[in-house]
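Q: mind looking at a prediction? Sequence and model below.
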Amino acid sequence: MSDYVIEVPPVVGIPVAGTDARFPVRRVYCIGRNYAAHAVEMGHDPDREAPFFFQKNPNNLDPSGEFPYPPHSSDVHHEVEMLVALKSGGSNIPLDQALDHVYGYGLSLDMTRRDLQGEQKKMGRPWEIGKAFERSGPVGPLHPVSKVGHPDQGRVSLSVNGDLRQEGDLNQMIWKVPEMIAYLSEYFELAAGDVIMSGTPSGVAAVKRGDAMVMEIEGLGAMTVTVV
Ligand code: MN
């Protein structure tokens, strides 16, 4: 018997590659404009401005391989991103200790209702309606650091129905993984279970029902997500 007044909502778990184990998600931080070519395609100066973050909800993450086309949008974009999963955290984490907090890495999609996000941007309002909707974060299995190390270079790509849409390299990130962890930890108390979506290379574009998106990061495998 629990002393909660309603049933406790399920913990969202990301599968760990090659095992039956899952990584429990506490928070989801997402960085904006972390690849210069993507900043330019969104109409911004790629100079190294301070990083900025928004959040999705933990239960927006979805390892099922299906992405249901969301309501109230006719311009839903894919953004392929490397996911960073933390096994520990803290505040004011020094840069040279930041990677010690990483459990592993995986594939993710920061699906975006671009039309709704654009309206919010124009009005100076928060982005949740464009970013933090149901199943807006398809994720692939996590690869522990013990298996893959800390990937800081390698091809990142996304194709739709066999056509290459997004292509870049992890080494093009403006803010590197240790820098993102250190920066976030100045403003938030990071903890085990937090994940970071590390930004997307250029080539973001709209999807439609029936599309098969294949995301791939060198060293982290590939995953197909179907728009349903
Ligand atoms: Mn993104």
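A: Arrived safely, thanks for sending.

Q: how about the residue nearest to residue 111 when sequence neighbours are not counted, what does it touch?
A: Spatial nearest neighbour of residue 111, chain neighbours left out: residue 136 (4.6 Å); criterion: Cβ to Cβ, 6 or more residues apart in numbering. Using the backbone N, CA and C atoms, a C-beta is placed for each residue, glycine as well. By Cβ atoms under 8 Å, 6 or more residues apart in numbering, the contact set of residue 136 is 56, 60, 70, 110-112.

Q: residue 136 and the ion, how far apart?
A: 10 Å (Cβ to the ion, to the nearest Å).

Q: one more: residue 225?
A: Counting by Cβ to the ion, the gap from residue 225 to the ion is 15 Å.

Q: show me the contacts for that residue.
A: 65-67, 109, 138, 212-215.

Q: who is it paired with across the strands?
A: residue 213 (DSSP bridges).

Q: return the residues of the protein in contact with the ion.
A: 79, 110, 200 (Cβ under 5 Å from the ion).

Q: residue ranges for the helices of the protein, please.
A: 36-41, 114-122, 128-131, 145-148, 177-187 (DSSP state H).

Q: how about JSON lines for these, with mean neighbour count and mean pLDDT added?
A: Putting those into JSON lines (neighbours: other Cβ atoms under 10 Å; pLDDT from 0 to 100) gives the following:
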{"stretch": "helix 36-41", "mean neighbour count": "18", "mean pLDDT": "85"}
{"stretch": "helix 114-122", "mean neighbour count": "15", "mean pLDDT": "95"}
{"stretch": "helix 128-131", "mean neighbour count": "21", "mean pLDDT": "97"}
{"stretch": "helix 145-148", "mean neighbour count": "14", "mean pLDDT": "98"}
{"stretch": "helix 177-187", "mean neighbour count": "19", "mean pLDDT": "98"}
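
Q: please consider this matter closed, and thank you.
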